[in-house]
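Enquirer: Give me a model of this one.
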Amino acid sequence: MSTTPDSLTAPISVSDYAARIGRALREAGSAVVEGEVQRPKAGGRGVWWFDLSDGDQVLPCSFLPWLARGRRGGHGPAHEPAHGDRVRVHIRHSEYWGAGGRLRVVVDEIEAAGEGELLRRRAALIARLTDEGLCDRSRFPALPRFPRGVGVIAGRDSDALHDVIRGLRDRFPAVPVVTACCRVQGAAAPGELVDRLARLDADPRVDVIVVARGGGSVQDLVCFDDERLCRAIRAIATPVVTAIGHTENNPVCNHVTHAAFVPRHAAERVVPDREALRAELARVGSELTRAGRAPQALRRELDSRSAAVHARGRLDGQRTRILGAGRTVDAHADRFLREGHATLADARERIARAPDRLRATIAAARHRLDGAAPGG
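Expert: Residues are numbered from 1 along each chain as shown. The predicted structure is shown next:
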């Protein structure tokens with residue numbers, strides 16, 4: 001026989017241990033808890049049964065109107081729960097129902113989570129993420145101009161999903177689209193959205209991710225105010241574009257990444273416009289055609305300029321020859337003038353001496369004549 005401590009403990013009944021559980025639950029005391037209503041069911045005399053969830057854990061709740069009778073005069077809850085409602089409940093106590101083996105959380109008040117409170121939390125989270133630099137648009141991952149593939153996270157068969165895919169097909173049909181559908185409302189939605197982000201981030205076909213959902217109230221879009229989702233968007237390597245709701249109801253995730261605000265505008269952010277590309281290609285083609293003709297025009301201009309240079313060279317040669325002939329003429333003229341000047345000077349000197357020679361000649365002639373006269 002084993003001698004472990006458990007073997008020495010006297011056994012107790014199931015009922016005794018169930019009572020022990022009940023006492024421990026009652027010691028948990030009362031609390032105000034907020035979550036999402038799931039599977040509500042109305043009973044007689046104002047009783048309600050429903051589950052309250054935060055996406056991870058579930059509390060089975062029972063609303064018993066007579067417990068709240070002293071405060072509400074026997075009426076039902078302040079807010080009749082509907083599936084998906086975000087509510088705040090006052091838990092009176094918890095108990096273990098041994099006969100059915102089930103836990104029951106007894107609730108004596110149900111109120112809708114106020115929109116003002118949700119907006120206050122949204123503003124507080126935006127402020128905190130801004131302080132950390134997660135809302136700085138200059139730090140957002142750049143969107144590729146020509147993505148190899150686009151991942152789309154949206155509700156299954158939702159209008160948002162169809163709007164995004166239609167926009168991608170109309171704008172740039174060649175891009176592959178990889179879908180990852182999940183819930184986009186309710187307490188379980190943030191966890192599923194984070195999971196789909198991780199899947200698409202790991203997909204080598206996807207270069208950009210679109211998270212899309214149609215419009216709704218602040219309460220409808222509260223899952224997109226979830227801090228886990230916002231941090232996941234900035235933690236993955238793949239850039240994300242949110243296309244959620246409308247500009248008047250701007251959830252926190254729109255502040256931490258590129259926002260298209262509505263699904264039909266998402267394609268404008270993630271893929272180029274094929275018509276604009278065609279126009280750009282036509283313009284580039286026209287420029288290339290002009291560039292192709294430019295060498296011919298340049299060649300003609302160069303030929304023209306070369307001919308002008310050659311002509312100028314011939315003119316320069318002729319000018320050189322003319323200048324040389326001019327210098328020769330100038331030399332001959334100079335020599336002619338110098339020689340003419342000397343001849344004229346000599347002639348002038350001879351002319352100047354001519355009277356003396358003439359007188360001498362006349363005197364000699366007279367003398368001869370005188371010598372020949374009779375009686376001489």
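Enquirer: how about the helices in the protein?
Expert: 5-8, 14-27, 69-72, 115-131, 159-171, 189-202, 227-235, 266-270, 274-372 (DSSP state H).
Enquirer: how about the second one: buried residues?
Expert: Pointing back at helix 14-27 there. Going by neighbour count (16 or more other C-beta atoms under 10 Å), the buried part of helix 14-27 is 22, 25. Quick note: C-beta positions are derived from backbone N, CA and C, even for glycine.
Enquirer: tell me which strands and helices it is in contact with?
Expert: strand 86-97 (3 or more C-beta pairs under 8 Å, 6 or more residues apart in numbering; DSSP states H and E).
Enquirer: Now stretch 77-85: average pLDDT?
Expert: Averaged across stretch 77-85, pLDDT comes to 83.
Enquirer: same question, stretch 362-376
Expert: On average, stretch 362-376 scores 68.
Enquirer: Show the contacting residues for D226.
Expert: Neighbouring residues of D226 by C-beta atoms under 8 Å, 6 or more residues apart in numbering: 189-190, 193, 252.
Enquirer: Reformat those as TSV; add distance to H162.
Expert: Output for these, formatted as TSV (distance: C-beta to C-beta, whole Å):
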residue	distance to H162
A189	19
P190	23
L193	19
V252	26
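Enquirer: what stretches of the stretch 101-250 of the chain score poorly on pLDDT?
Expert: For the stretch 101-250 of the chain, the stretches with pLDDT under 70 are 247.
Enquirer: Check the gap between the closest residue to G84 other than its chain neighbours and S53 for me.
Expert: Closest residue in space to G84, ignoring its immediate chain neighbours: G186 at 5.5 Å, by C-beta to C-beta, 6 or more residues apart in numbering. In this structure, G186 and S53 are 8 Å apart, going by C-beta to C-beta, to the nearest Å.
Enquirer: Among the two, which residue is more densely surrounded?
Expert: A direct count of neighbours by other C-beta atoms under 10 Å for G186 and S53 places G186 higher, at 20 against 17.
Enquirer: Please report how far the more buried one lies from G76.
Expert: 24 Å.
Enquirer: Please apply the same query to A10.
Expert: 48 Å.
Enquirer: Ok, R23 next?
Expert: 30 Å.
Enquirer: Run a quick neighbour tally on L103.
Expert: Residues within reach of L103, counting by other C-beta under 10 Å, total 14.
Enquirer: Then P77?
Expert: P77: 20 neighbours (other C-beta under 10 Å).
Enquirer: hang on, it packs against E109?
Expert: Yes. Counting by C-beta atoms under 8 Å, P77 touches E109, with 6.6 Å between them.
Enquirer: Quick check: the residue nearest to G84 touching G35?
Expert: No. Counting by C-beta under 8 Å, G186 does not reach G35; the two are 10.3 Å apart.
Enquirer: In contact with the nearest residue to F50 once chain neighbours are set aside, which residues?
Expert: If the residues on either side of it in the chain are set aside, F50 comes closest to P40, at 3.9 Å by C-beta to C-beta, 6+ apart. Applying C-beta under 8 Å, 6+ apart, one finds that P40 lies in contact with 48-50, 81-83.
Enquirer: Taking those residues together, which two end up most distant?
Expert: Checked with C-beta to C-beta, those reach their widest spread between W49 and A82, with 13.4 Å between them.
Enquirer: For the two, indicate the residue with more neighbours.
Expert: W49 (16 against 11).
Enquirer: what mean pLDDT would you report for stretch 302-320?
Expert: On average, stretch 302-320 scores 70.
Enquirer: list the contacts for the residue nearest to G84?
Expert: Contact analysis of G186 by C-beta under 8 Å, 6+ apart lists 36, 55, 84, 223.
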